[in-house]
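Peer 1: Could you work out the structure for the sequence below:
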Amino acid sequence: MISLDYRSGQPLYLQVVEGCKRLILSGVISENERLPSVRELASKLAINPNTIQRAYRELEAQGYVGSSPGKGVFAMSGGTLRERDIKEINKAIDSEIKKLLDYGHKLEDVLAEINARFSLQRGDSFDNDD
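Peer 2: Residues are numbered from 1 along each chain as shown. Below you'll find the predicted structure:
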């Protein structure tokens with residue numbers, strides 16, 4: 001389900017985009033599954049249909065969905081998209097870690113900070129010590 005935060009500074013169409021991406025990548029929406037029509041989703045979310053249309057256009061531009069005139073909007077392969085996104089995320093992580101190292105931070109300190117942040121968010125840690 002897509003939930004919207006009306007107090008967020010993020011535009012509603014981007015919240016819809018992120019919600020749809022999450023559903024596709026997690027497999028909740030299967031490959032080639034038809035997404036709700038613009039009017040259906042706008043009605044469920046109680047927002048303007050133009051907002052959904054804009055979100056669907058953005059999802060199509062990013063390769064998450066494909067549209068077929070008269071038939072609707074369909075999810076693309078979540079696995080392929082997930083692999084693509086993971087590669088992009090890993091590139092960004094590599095770049096940011098390199099910046100920190102270039103600024104003189106030690107790798108051990110960077111990893112400790114990542115571990116601390118992850119632990120706070122998930123209640124887990126990267127430590128293999130049992």
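Peer 1: Past the top helix by length along the chain, which element shows up next along the chain?
Peer 2: Ranked by number of residues, the top helix in the chain under DSSP state H is helix 78-102. Downstream of helix 78-102, the next assigned helix or strand under DSSP states H and E is helix 107-122.
Peer 1: name the helices or strands packed onto that next one?
Peer 2: Applying 3 or more Cβ pairs under 8 Å, 6 or more residues apart in numbering; DSSP states H and E, one finds that helix 107-122 contacts helix 78-102. Every C-beta, even on glycine, is put in place using the N, C-alpha and C of the backbone.
Peer 1: on that earlier part again, what's the longest helix of the chain in contact with?
Peer 2: The contact list for helix 78-102 (Cβ atoms under 8 Å, 6 or more residues apart in numbering) reads 21, 24-27, 29-31, 63-64, 107, 110.
Peer 1: In the chain, what helix or strand scores lowest on average pLDDT?
Peer 2: Sorting the helices and strands of the chain by mean pLDDT, DSSP states H and E puts helix 107-122 at the bottom, at a mean of 82.
Peer 1: Looks to me like Phe74 is in a strand.
Peer 2: Yes: according to DSSP: H, G, I helix; E, B strand; the rest coil, the state of Phe74 is that of a strand.
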